[in-house]
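Undergrad: with the sequence up front, the predicted model follows.
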Amino acid sequence: MQERYNAREAERRWQKIWDERAIYTTRNDDPRPKYYVLEMFPYPSGRIHMGHVRNYTMGDVLARYMRAKGHNVLHPMGWDAFGLPAENAAMERKVHPKAWTYDNIATMKKQLQTMGLSLDWSREVATCDPSYYKHQQKMFLDFLKVGLAEREKRKVNWDPVDMTVLANEQVIDGRGWRSGAVVEQREMSQWIFKITKYSQDLLDALDTLDRWPDKVRLMQRNWIGRSEGLLVRFALDPKTSPAGESELKIFTTRHDTLFGAKFMAIAPDHPLAQAAAAKNPKLAEFIAETKRHGTAQEIIDTQEKMGFDTGIRAIHPFDPNWKLPVYVANFILMEYGTGAIFGCPAHDQRDLDFVNKYGLGNTPVVCPPGQDAKSFVITDVAYDGEGTMINSRFLDGMTIEQAKEEVAKRLEGETRGNSSIGERQVNFRLRDWGISRQRYWGCPIPVIHCPKCGVLPVPDKDLPVALPDDATFDKPGNALDHHPTWKHVNCPTCGGKAQRETDTMDTFVDSSWYFARFTDPWNEKAPTDPKMADAWMPVDQYIGGVEHAILHLLYSRFFTRAMKKTGHIGMNEPFEGMFTQGMVVHETYRDKAGNWVIPAEVKIEGGEGARRATLIKTGESIEIGPIEKMSKSKKNTVDPDDIMETYGADVARWFMLSDSPPDRDVIWSEEGVQGAGRFVQRLWRIIGEVAAVSAAGIQPATFSDDAMMVRKAAHRALANVSDDIARLRFNRCVAHIYEFSNALAEALGSVENVPSADLTWALREAGDILVRLFHPMMPHLAEECWAALGHKTLVAGEAWPAVEAGLLVESTITLPVQINGKKRADVTVPRDAGKEAVEAAVLALDTVKKALDGKSPKKVIVVPQRIVNVVA
RNA sequence: GCGGACGUGGCGGAAUGGUAGACGCAAGGGACUUAAAAUCCCUUGGGAGUAAUCCCGUCCGGGUUCGAGUCCCGGCGUCCGCACCA
């Protein structure tokens, strides 16, 4: 046995063996219980980064553990291969998106393979491959048939110089990133998926996802944003309405505050605003101004709140003489509710800011408990809490809930024309999913526009609608649209001249069903074989970044429902267990000129507050900056290849799991990696020592104290690690393995020249357990150790060891003793001692007697197996 | 702006409402060595004390409880998402 473990040599050797024996290839007809573990597939950006290493290591640990526990594990990998960066590369570097993407896939696949992941590569898919996206096109047509895909006008970021649509990330400070032109909002006809048909269901089903993080469910709940409110039809003063409009419909959840109303506000693209603008050039200019920025919600919310009085007056539903001014406001969205609100400034901060700016005043109508109604005033902080209605005529004295009920009842009962002026309504914040993208590198939307026959689906026999390879990328905009011939086709119905849809699908569509495709990726006829999909799905454990907590996960949940409706799968929820991992972060470094410097070029010296950094090449001193998410722009990245080359994949994997809880950020540090590297060598030495004690015979009937200590340490570690892997608490697994290996090393250190038979057996058992415990995290080292222990099998195929429960229980237990909540002593009692016996033992302690000073205690709290507290 | 999280030694972190700091890193001391690396052993939250021991301590301010890092209310700070980045 070699003294030092040579990771580079061993890792390649074992990877080759795993590969030759195809041990990670999963069969659909394997009778063992299934377990589907999936990590979010990567975008092929060029090279893998540390975030991938972390993500895929976690999944791999679970996959290997579940395999050892006797499951048929599905652990596939693929490529989220469509998207903007490929087109940017095409424009900047004159490489075709397809070539660029497939080159990246080849590189990254090789990188992933050096990590030693137990992936079934025979199921690999790339979303940019026609064999994948033709099924997506089929499903689009299925969705179209059942009314889940439609066309709708949507706002996009328009670059008026490049004459192209921009992604939000391409809008920087309100300007196009290439042209620098001020971006405008422009409406375009877009394809949408009717996710809102499932708003209530997507919301309700969150309660069944009990293996999802609460925070993710909460974020989705808020994103869906169900609110119960009232639709109110305000009459308009006919003298003021621009084109004979008689009413304005608003949605509100605060109808209790109707008597605090000071104004109405409508969205700039509300029909009433448009009508008013037709007669008022200044208003038209104001509306045009509100469109002179991107479509991102953050911009709309953070920009200065502005309004323009249209001159239109609305009539209060409870008082025909009460007129309210109607403003066009830049913070009202046409997409939410009816695109119009009434403003009650006293109880809504945004409305209050608005009236304070335009001098409209406010009247408080909800008085907080304990406040005097007469003196209660609002100046610049709105009150949105509970209270009693005031200044509200017939509502005075009611609670908010009572007032809402009363208002709803009265307005429902009152009619104008032949319908009531109030109507209870449930509203959702969730909008339909716009999937049209004006780009080349995406899945073509399979429809044809015929001037005579309208919008037609591409016939099934013509699928896939494939991207043309001979596109050019020398001008901004959609290369598909620019292509000289591609879009020109004959109408499938009348045979006349028609045009293909040149929009492609949002890449979120690609990633909304890949998990189902993995269950039968060879299927050429259909997206899935529902039998196989239903056998494998749902994914038992899905792992990925929190940044996908809302959109990707919600879209996938919708898409699965839509696939069910169109017969491709038999369930609603794709992911039974969800885990959101934290980011990989690193210190940042800058030179004197303020330029970012990559960690590999920096040398760190000194510890404990005296750390300083210098540039290796020149010795120039470098400023150590804050720890931030690894990013190319700040150059605080570490290349996984470098790490694996220097330390080996196992070290990288181990360190990724060891330092932080998996759902929190992990700081990549050179010291930490070195520590992991030392531990790999330490394990190798320990196993070497175990291997050196003579081979184990038959299990002895009894064990000496020494041997029992070893056995207890092994089984305690086994119990703890098993529990923690199942709960994805990998950092704790690591700590338990450290603890156990320390105990084993200590036992080995005190072994006589010829250990007794029982101790030999116990040490051997411990060695076998240790190797199998760390195998999921460091599979290559584990194989090497397993072989060194004399086994002829692969540890990757071994069963998880069984815990001997008897070794976990002690006959006595030491309880901490508190006096008035502060720990003052310990007491050791038999494990099964009753409360009375424990109390008696505690009261007999000197420390307790002294504290009580002869008096009897006020109270003694005995928490069995945990603690005793004496209240003096 | 809205929504969500997080905040514990020099550092990463551990702790079903029950002994705060497991485990690791870093640092200091020692052993081995001609020397270094590697390895092994010891110390390590702050303060007082020869010691036993005591006091303080989980971002800040309140509260609930026999007992709060953990629960509640109010701040401060950092990070993530916001619908065309993936």
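TA: Noted; the coordinates are in hand. Quick caveat: nothing in here was measured; it's all calculated off a predicted structure.

Undergrad: find the closest residue to RNA strand B in the stretch 51-200 of chain A.
TA: Closest approach of the stretch 51-200 of chain A to RNA strand B (C-beta to the nearest atom of the strand) occurs at A:Gly83, with a separation of 2.9 Å. All C-beta spots, glycine's among them, are computed from the backbone N, C-alpha and C.

Undergrad: that residue against A:Cys443, yeah?
TA: No: contact criterion C-beta atoms under 8 Å: A:Gly83 and A:Cys443 do not qualify, at 11.1 Å.

Undergrad: is it correct that A:Asn321 falls within a helix?
TA: No: under DSSP: H, G, I helix; E, B strand; the rest coil, A:Asn321 sits outside any helix and is assigned strand.

Undergrad: can you count the residues close to it?
TA: 6 (other C-beta atoms under 10 Å).

Undergrad: the one 10 residues further on too?
TA: Around A:Phe331 there are 21 other residues, counting by other C-beta under 10 Å.

Undergrad: how far away is it from RNA strand B?
TA: Computed as C-beta to the nearest atom of the strand, to the nearest Å, the A:Phe331 to RNA strand B distance reads 8 Å.

Undergrad: same deal with A:Ile332?
TA: Applying C-beta to the nearest atom of the strand, the value for A:Ile332 to RNA strand B is 13 Å.

Undergrad: and that residue, what pLDDT?
TA: The model reports A:Ile332 with a pLDDT of 92.

Undergrad: please tell me how far it sits from A:Ala284.
TA: With distances taken as C-beta to C-beta, to the nearest Å, A:Ile332 is found 17 Å from A:Ala284.

Undergrad: the more surrounded of these two?
TA: A:Ile332 (26 against 16).

Undergrad: picking up where we left off before, show me the contacts for the residue of the stretch 51-200 of chain A closest to RNA strand B.
TA: A:Gly83 is in contact with A:Tyr43, A:Trp441, A:Gly442, A:Thr507, counting by C-beta atoms under 8 Å, 6 or more residues apart in numbering.

Undergrad: wasn't A:Pro364 part of a helix?
TA: No: per three-state DSSP, A:Pro364 lies outside any helix segment and is coil.

Undergrad: now do the buried residues in the helix or strand of chain A with the lowest mean pLDDT.
TA: Sorted by mean pLDDT, DSSP states H and E, the helices and strands of chain A end with strand A:602-605, the least confident at a mean of 73. Using 16 or more other C-beta atoms under 10 Å as the test for burial, strand A:602-605 gives A:Val602, A:Ile604.

Undergrad: in the helix or strand following it, what's buried?
TA: Proceeding N to C from strand A:602-605, the next assigned helix or strand is strand A:612-615, under DSSP states H and E. Neighbour-count burial for strand A:612-615, counted by 16+ other C-beta under 10 Å, picks out A:Ala613, A:Leu615.

Undergrad: contacts for strand A:612-615 next, please.
TA: Taking C-beta under 8 Å, 6+ apart as the rule, strand A:612-615 contacts A:589, A:591, A:597, A:601-606, A:620-624.

Undergrad: who touches stretch A:715-724?
TA: Contacts of stretch A:715-724 (C-beta under 8 Å, 6+ apart): A:730, A:732-733, A:736-737, A:739-740, A:769-770, A:773, A:800-801, A:803-804, A:807-808.

Undergrad: likewise stretch A:456-469?
TA: Contacts of stretch A:456-469 (C-beta under 8 Å, 6+ apart): A:96, A:98, A:130, A:133-134, A:137-138, A:141, A:144, A:440-441, A:444, A:446-450, A:480, A:483, A:485-486, A:491-493, A:498, A:500.

Undergrad: out of the contacts of stretch A:715-724, which end up buried?
TA: For these, buried by 16+ other C-beta under 10 Å: A:730, A:732-733, A:736-737, A:740, A:769-770, A:773, A:800-801, A:803, A:807.

Undergrad: what sits against A:His449?
TA: A:Val455, A:Leu456, A:Ala498, A:Gln499, A:Arg500, A:Glu501.

Undergrad: that one in helix, strand or coil?
TA: For A:His449, the secondary-structure state derived from three-state DSSP is strand.

Undergrad: who's it bridged to?
TA: On the basis of DSSP bridges, A:His449 is bridged to A:Val455, A:Gln499.

Undergrad: distance of it from A:Arg866?
TA: 72 Å.
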